[in-house]
Each structure stands twice: as C-alpha cells, then as structure tokens.
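>>> dropping the sequence and predicted coords here.
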2 protein chains.
Amino acid sequence: MTHRNYAIIGTGALGGFYGARLQKAGLEVNFLLRSDYELVKKQGLVIESPEGDFTLPQVRAYHEARKMPQCDVVIVALKTTQNHLLPKILPLLLKDNGVVLVLQNGLNAEPQIAKIVGAERVIGGLCFLCSYKVRPGYICHLDYGTITLGEYGQDYKPLGITDRLHEIAKDFKRANIPIEMSEDLLLSRWKKLVWNIPYNGLSVILNARTDELMANSNTLTLVEEIMAEVIAAAKSCDRIIPDSFISDMLEHTHKMKPYRTSMKIDYDESRPLEVEAIFGNPMRVAQQAGVKLPQIEVLYRMLKFVDAQRQEAERTRRLLGVQ
Amino acid sequence: MTHRNYAIIGTGALGGFYGARLQKAGLEVNFLLRSDYELVKKQGLVIESPEGDFTLPQVRAYHEARKMPQCDVVIVALKTTQNHLLPKILPLLLKDNGVVLVLQNGLNAEPQIAKIVGAERVIGGLCFLCSYKVRPGYICHLDYGTITLGEYGQDYKPLGITDRLHEIAKDFKRANIPIEMSEDLLLSRWKKLVWNIPYNGLSVILNARTDELMANSNTLTLVEEIMAEVIAAAKSCDRIIPDSFISDMLEHTHKMKPYRTSMKIDYDESRPLEVEAIFGNPMRVAQQAGVKLPQIEVLYRMLKFVDAQRQEAERTRRLLGVQ
C-alpha cells in the first residue's frame, strides 16, 4: 500500500478538516456528503486555520456511497448519532484489504463497526481537535488537532502497534497532522472520557464554558468527582488510570483558553447529542462489571432529557417551516 | 393564651397569605415588611384565591422590628437565605412565653433559631402551599395550603403533640387553614424533602415543570432514584420512610396540575435559591452519619453554580441600573 486512497464519511468540522489536509498533501480523498453536496461539488472546501488557511477548489465529492470508488482507508467522521447509516455504506466503500478508521467520540463505536466489516478491519482514532463548520464547505480550525491511532481487537483486546498503523500514521504526518499511537485503544478511549464526560456534560446542562466550570468551587469539585467515576469505570474493564491523571487534566484545562465543548456546540446548533456514545455506553459497560456510576448517571439522564426536548422543538420548528 | 397576637416576619407569597387569613379571622397580626412597606402601609393586602378573594384595606405594617409589639406567636416566613437577619429581630418580637413558628423549607432552620431563642420556644411548620406575589401587597393563592405543625425538641427530638400546638392549630383552623399535627417534626421534614429535593432541583437545572419531568422516562427514573437517596438520608437520622412512599409521591405528582416548583419561581424571579436549606443541610446531616448522597450532591453543586451565576448577573444588572 504505497498510494492509499481515502474515503471520508461525514464531511463536517472534523472529517472535512482532516480530509482536506490529506488531499492537500497529495492523497486521493473521496468525500461523502449529504446536505452540503451540491455546494462542495461546485466550490470545493475552504479551511481557515492558525496553521495556514487554504482552499481546495476541487474535491472528489459524492452524494451516494455506491458511486464512490472502493478505498484503502474509510474514515468514519460522522457523529455517532448517525451510525445507523453505516451498515449500508461501509461494505460498498471498503477494498478487500481496506480498513475503517473510526474517528468518533466515546465508547463502543468500534465493536459496532466490527460487526459490519469484521474486527480485523477496524482501527480506532481519538481526535483532539477544536474546529467548527462556519457554513457548508467552510471549516474553521481553532486549535489542537492530534489524532491518537490504535488497533481494534475483538472486545477491545490490545493489539499493540502494527505496520498498517505506521503506514496510516505516515499519511497523516505527511498532511501535518500530529499522530500518536496507542498500544491499547480502550485505555486511550477511557482516558479521553476522563475529560469528555465531565466537561461535555456539565457545559450543556449548566450552559457554561470550561473556564466558568473551573472558576466555581462547586463545579470544580463535581468535575473531579466525575473524573474519579470514569477512572473507576475504566478499572472495571481492567484499564488502570492513575488518580494523578485527574490533576493533570485539571491543570491542562486551567491553562486552556475558555473552551466551548463539542457537545455544547452540538447543543447550541440544535444537533442531536452523542449521549449514548459518551455517557450511556461507558455507564453500561461499568454496570455490566457491577460498578455503579451514580453521578455520571445523573448527567446521562439529564442530557437525555434536554436532548429529547431540543429534538422535539426542532421537529416542531421544521413542521412549521420556521427558519 | 386566648387572644394570641401574631407577628409575621416576611410578608411575601407565604407570610402574606397566612397572615392575611389570620387577620381576616379576627386575630391581631403584625406584619414586618421591607421593600413593600410603604405600599402595604397605605393600601393593605389583597388576596386572590380559589377559596375566595378578599382585601384587607388596613394592616399593622412595620418597617422596623423594634417598633413592633411583642407577640405570642412570631411566624418566620422569610426565605431561609435571609435567616442571618433573625438574631437581631427575634429577641425584640417575642413575648416571654411566646413561641417562634418556623414556616420554612428544608432542614435545620429550627436548630438555628433555637440557638437564638431556646429550643423550648420553637415550633416547626411545613407548608404545602402554592401561591405567589403578583406585586407588592397583592398575593395570588393558586392551590393547597395545609400546614403540618410539630413541636421542636433539641436536635429534633420528637416531643409529641402539646397543648400549645393545639392552641395555635385552633387559630389557623379559625382562619380556614387546614392543619395537620406531627408527633415527629424531623420525620415530617424528611418526608417533605422526598418531594422537594428531586422536583425543586431538577425543575431549576432542566428548566422544566413537574409534568415534563414526569413524562420523560429518564427524568422519571432520576426522580425515583433521588427520592430513594432522601429516604436513605432520613434513615441515617433514624427516621424510617417506607419505600412505598416513593410511589405515593409519584402518583400524587402525576395527578397534580403542571406545576412550577417554588425554587423554579425563585430562580425565574432572580431571587437567591434555598440551596443550603433544601440540599446542603440534608446532605451534610447524612454525611455526618456516614451516608453518601452522590446524586443529591450533583444537584446541590449544580444549583450552587447556577445560583452564583444568577446572583452575579443580578449584581451587575443593579450596578448598571438596568430595570
């Protein structure tokens, strides 16, 4: 595989950014789009970034998976709330020896996708990226961008670092995307959840930025306690995260610019929230191991409520034809 | 004590309503007011109620405790967030053999007040009242109104039903206020918290009425789980509430009209929230007995955050002179 071609499923703030970077580095990238198809087909993609703005006047844009070429690497960059679409899409796009790279949030997207394409064709990736879609075809990259890649073994069995992981990492590095490699994908996923669960949840429920949550002693305590619950949940899967990781994360967040979490952005944009991937799946995994997460459960149920209310309001708005 | 005279500290939606009813029944009632003093002194009180509207063109209105006559029964109808004012007020108002009737929410107002006037002069009351102040001197009674009276013994030791409790009950019944009497004030307070903690907390955090919280399976589960935590907390004080009380409360709430909780009304009106009385004190009492309430703690800390944010916004608003 020296000239791998790529497919991007979900050309939003994340898939659009990484796909454009890969294409700019000279790789063949095929973008699957839905609502933005016409515009991106015509005008291409624009990326605004502190690392340099650039425009791709022409991209390989597709509206239907069955018209796309089969690819070596199919990147799933949809929100997990759209994963019901994957059983129809993935088998069409994947070369016989191709792999699916899952750049999604939370837990358990890989085993779901493994059921479609087989565990041996799944690689996971955790994105530490701050970007948003300004309008169709126009993506603003704000900060960060590192991807942690890890092989997926059945039931998240750690598989170490493989040759194909190195190969894919090479493509991304060529596109100036910082890459780290994980020997244990599940451990990496839990570590990311230590940050994501408290900040995503509290930012939506309390309508707050990270700096506001850090400045109040009560929410700061809540963040710490919820982080400890995530660490307990990871332990129920035999993944050990030291308690010192909590103070590392707090220190890191203190130093960050005031940050609106990705779930808060989804909420503000009236998009469905990834409650199951980020909260429900971790909760159930721990529960099956006999570990209760009472505080995360509060966040989960509150988010399910606000998500349902928001989606109901959205349906009404669409029915009434209000813009 | 055949002609008991009364003082009402805090002439709002609750104190104004009960005080007006007592005066209408022929009792001497002295009202202590702050911001509404001028208007109520001039125009009296208006009560709108499904049980009959009425106007009291003249009431004994006072702006300063030291100008009021000493009373047999001093009713504390302030929000608990104002209790720092009581050490200066209560000693001025209480006859030598007078009693303080504490009509406040949550836990531990009685022991605080016992420190000022002595435990033997404290009686507790739990109000099941739905009313609000439309404007100064104008109170709208919507529904309910029963008061549960109970003697306060040092550290909430149950004292049974005393003669003086019967005497005060007689005055209230004369004023058409339904009265129940409790042999164990602390048990009654915990039972009320079984309802108040989940509904008050969730209604503020999720911006929801009771019917909305009941209609969503996730918030319904949360309500049940939080009620179970309150029952566990009560048990830590040797007060046994049967689990069946949860289904009774849920059924009762299902039958209620869509209801905006008192804490939600406070929040919507930008008033300080009674977070310590309703959440903080129960939590600390249980904690001292070694019982953790992780879900109530989430509500407590979230409410402390939104209360601080709201009060900060209020201060800014006042500084800028915005109406």
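Nice, I can see it. Because the structure is predicted, anything quoted here is derived from the model rather than measured. Numbers count the residues shown, from 1 in each chain, chains lettered A, B, ... in the order given.
>>> now the residue lying closest to A:E297 once chain neighbours are set aside: phi and psi?
Among residues not flanking A:E297 along the chain, A:M283 sits closest, at 6.1 Å (C-beta to C-beta, 6 or more residues apart in numbering or on different chains). C-betas here are computed from N, CA, C, even on glycine. A:M283 adopts backbone torsions of phi -60, psi -50, taken as degrees, to the nearest 10.
>>> for A:A77, grab the count of nearby residues.
By the measure other C-beta atoms under 10 Å in any protein chain shown, the count of residues near A:A77 is 24.
>>> got it, and A:L22?
23.
>>> ditto for the one 3 residues further on
Counted by other C-beta under 10 Å, the residues lying close to A:A25 total 15.
>>> wait, what's in contact with A:N196?
A:105-106, A:261, A:278 (C-beta atoms under 8 Å, 6 or more residues apart in numbering or on different chains).
>>> next: A:V117.
A:90-91, A:94, A:100.
>>> equivalent analysis for A:V29, please.
So A:V29 contacts A:5-8, A:19-20, A:22-23, A:59-60 (C-beta under 8 Å, 6+ apart).
>>> filter the contacts of A:V117 to the buried ones?
Taking 16 or more other C-beta atoms under 10 Å in any protein chain shown as the criterion, what is buried in the contacts of A:V117 is A:90, A:94, A:100.
>>> quick one: residues contacting the second one.
Read it as A:L94. Per C-beta under 8 Å, 6+ apart, neighbours of A:L94: A:70-71, A:74, A:100, A:117, A:121.
>>> please produce TSV containing those residues, extended by secondary structure, distance to B:E297 and pLDDT.
TSV is the format used below for the contacts of A:L94 (DSSP: H, G, I helix; E, B strand; the rest coil; distance: C-beta to C-beta, whole Å; pLDDT from 0 to 100):
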residue	secondary structure	distance to B:E297	pLDDT
A:Q70	coil	53	98
A:C71	strand	49	98
A:V74	strand	44	98
A:V100	strand	41	98
A:V117	helix	43	98
A:R121	helix	44	98
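>>> name the helices or strands packed onto the helix or strand hosting A:E312?
For A:E312, the host element (DSSP states H and E) is helix A:294-320. Packed against helix A:294-320 by the contact rule (3 or more C-beta pairs under 8 Å, 6 or more residues apart in numbering or on different chains; DSSP states H and E) you find helix A:185-205, helix A:217-236, helix A:275, helix A:281-288, helix B:217-236, helix B:294-320.
>>> would you turn those into JSON lines with distance to A:A169 and mean pLDDT?
Written out in JSON lines, the entries for the helices and strands packed on helix A:294-320 read as follows (distance: least, C-beta to C-beta, whole Å; pLDDT from 0 to 100):
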{"stretch": "helix A:185-205", "distance to A:A169": "14", "mean pLDDT": "98"}
{"stretch": "helix A:217-236", "distance to A:A169": "25", "mean pLDDT": "98"}
{"stretch": "helix A:275", "distance to A:A169": "31", "mean pLDDT": "98"}
{"stretch": "helix A:281-288", "distance to A:A169": "27", "mean pLDDT": "98"}
{"stretch": "helix B:217-236", "distance to A:A169": "40", "mean pLDDT": "98"}
{"stretch": "helix B:294-320", "distance to A:A169": "40", "mean pLDDT": "95"}
